[in-house]
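**Student:** my questions are about this predicted structure, shown below with the sequence.
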Amino acid sequence: MNTAIAPALSAANEYYEENGYYLCRNLIPHDMIDRLMERYRREIVPSRDQFFRQTTNVYEPNKLTKYGYVKQSFLDIHDYQRYPEFSRFARDIYTSQPVRQALEEITGFDSFNLMQTMLFDANTATPAHQDWWYLDSVPRGHLLAGWFAMEDIDERAGRFYVLPRSWRVELHGDTPNLPHSEWLARMADYTQKHQEQIYAPALKKGDVLFWNSRTIHGSLPTLDPKFSRKSLTAHYMPSQFKFGDLFREIDPVEYKIYNGMKFFRHAPDYTFTRKLEMTVRASLDNSPLIGKGLRTVKSLFGKSGA
């Protein structure tokens, strides 16, 4: 991580720069959490709509466990057009003053854009990975994410974890156009060989664990499915940077504004056409080379038609 352009370091910033994560206890007021979770149980869980899933990269209706928890994760809950109050309550949390202050203390920057959000009810057992493959700042390494505990997370539900100092690890650089599946296999192998470094703290309702886009992280397996794991995630980028991922810059980015913070949404509400589009996009994610080629062709056609 490059600290040269950041302001003077705070204690939180120093810890974050060294370890690639920072834990804030009791950051989110419980009344804000209760308001969102009540709306979630009343509107989202019983819904028959198709939601875009972070775990599968497709639009799907909810699938419930025998205990009544939604098995799949939800992507970009901060901007559901069909559930405006639910999304407004989520944005209130994501853009709240305690979160903004924590982001500033951790990074040294004073303005942020909200780039992506998720909600988890049950544990989806997210494999070890680094976020920068999927989204990051340009230049890389300045985007950070937060894992928000919406309840006291029981250890048997499968805790979220990070690997401290793993932001220095690059497991793709020796093989140009490495397939996504092979990269994930390398991540799993590295994490397996460094199990003693795994940090999976007990998180209570209102706690938020922030980590850098290059920090390896994931979820431990569920030990008892009767326990839910209600949590949010959010990815933030200092406003002065451009947006992209490990392979490219994404421009232009269409932002909206809420509570003075710009925000972006990847997957709009479901339509049949959008489902087809996202299915094709997901099929290309495993091959950076094919994706790069298609973007080049699209660019050439765009220029010829200008």
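**Tutor:** Nice, I can see it. Residues are numbered from 1 along each chain as shown.
**Student:** now do the contacts for residue 116.
**Tutor:** 75, 76, 135, 233, 234, 235, 264, 266 (CB atoms under 8 Å, 6 or more residues apart in numbering). Bear in mind the C-beta positions are built from the backbone N, C-alpha and C, glycine included.
**Student:** phi first, then psi, for it.
**Tutor:** Dihedral angles of residue 116 (phi, psi; degrees, to the nearest 10) stand at phi -170, psi 150.
**Student:** and the contacts of residue 116, which two are furthest apart?
**Tutor:** Greatest spatial distance in the contacts of residue 116: 233 and 264, 14.7 Å, computed using CB to CB.
**Student:** one step back: top of the contacts of residue 116 by neighbour count?
**Tutor:** residue 234 (26 neighbours; other CB atoms under 10 Å).
**Student:** which element follows the helix or strand that contains that one toward the C-terminus?
**Tutor:** Element membership for residue 234, per DSSP states H and E: strand 231-238. Counting by DSSP H and E, the element after strand 231-238 in chain order, helix or strand, is strand 242-244.
**Student:** so what does that next one touch, helix or strand wise?
**Tutor:** In this structure, strand 242-244 packs against strand 136-138, strand 249-250, with contacts taken as 3 or more CB pairs under 8 Å, 6 or more residues apart in numbering; DSSP states H and E.
**Student:** dump the ones you listed to CSV, plus mean pLDDT and mean neighbour count.
**Tutor:** Shown next, in CSV, are these (pLDDT from 0 to 100; neighbours: other CB atoms under 10 Å):
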stretch, mean pLDDT, mean neighbour count
strand 136-138, 97, 23
strand 249-250, 94, 14
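**Student:** quick one: closest of those strands to residue 48.
**Tutor:** strand 249-250 (32.5 Å).
**Student:** so in that sheet, which strands flank the closest one, and in what orientation?
**Tutor:** In the sheet, strand 249-250 lines up against strand 242-244 (antiparallel) (DSSP bridges).
**Student:** which residue ranges form the helices in the stretch 101-250 of the chain?
**Tutor:** Under the criterion DSSP state H, counting those that start in this stretch, the stretch 101-250 of the chain contains helices at 180-193.
**Student:** returning to what we had before: let's have the helices and strands packed on strand 242-244 in TSV, adding distance to residue 157.
**Tutor:** Listed next are those as TSV, based on distance: least, CB to CB, whole Å:
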stretch	distance to residue 157
strand 136-138	29
strand 249-250	34
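**Student:** and stretch 33-42, how far out from the chain's middle?
**Tutor:** Per CA atoms, centre = their mean, to the nearest Å, the displacement of stretch 33-42 from the mean C-alpha position of its chain is 20 Å.
**Student:** mean confidence score for it?
**Tutor:** Stretch 33-42 comes out with an average pLDDT of 98.
**Student:** and stretch 200-208, by the same measure?
**Tutor:** 98.
**Student:** end to end on that stretch, go ahead and measure it.
**Tutor:** Using CA to CA, to the nearest Å, the end-to-end distance of stretch 200-208 comes out at 13 Å.
**Student:** stretch 133-144 too?
**Tutor:** The first-to-last residue distance of stretch 133-144 comes to 13 Å (CA to CA).
**Student:** list the contacts of that stretch.
**Tutor:** Here stretch 133-144 makes contact (CB under 8 Å, 6+ apart) with 1-2, 103, 106-107, 109, 115-116, 131-132, 167, 172, 180, 183, 210-214, 235-238, 241-246, 249.
**Student:** show me which of these are buried.
**Tutor:** 1, 103, 106-107, 109, 115-116, 131-132, 167, 172, 180, 183, 210-214, 235-238, 241, 243-246 (16 or more other CB atoms under 10 Å).
**Student:** hang on, the earlier thing: of all the helices and strands packed on strand 242-244, which lies closest to residue 197?
**Tutor:** When the helices and strands packed on strand 242-244 are compared (using CB to CB), the closest one is strand 136-138, at 22.4 Å.
**Student:** give me the sheet partners of that closest one and which way each runs.
**Tutor:** When DSSP bridges is applied, strand 136-138 pairs with strand 242-244 (antiparallel).
**Student:** who touches the partner strand?
**Tutor:** 113, 115, 135-138, 140, 237, 249-251, 253, 264.
**Student:** at 7 Å instead, please
**Tutor:** 115, 136, 137, 138, 237, 249, 250, 251, 253 (CB atoms under 7 Å, 6 or more residues apart in numbering).
**Student:** and the gap between residue 232 and residue 54?
**Tutor:** From residue 232 across to residue 54, the span is 12 Å (CB to CB, to the nearest Å).
**Student:** shared neighbours, these two?
**Tutor:** By CB under 7 Å, 6+ apart, the residues touching both residue 232 and residue 54 are residue 118.
**Student:** low-confidence ranges in the stretch 101-250 of the chain?
**Tutor:** For the stretch 101-250 of the chain, the stretches with pLDDT under 70 are 174-176.
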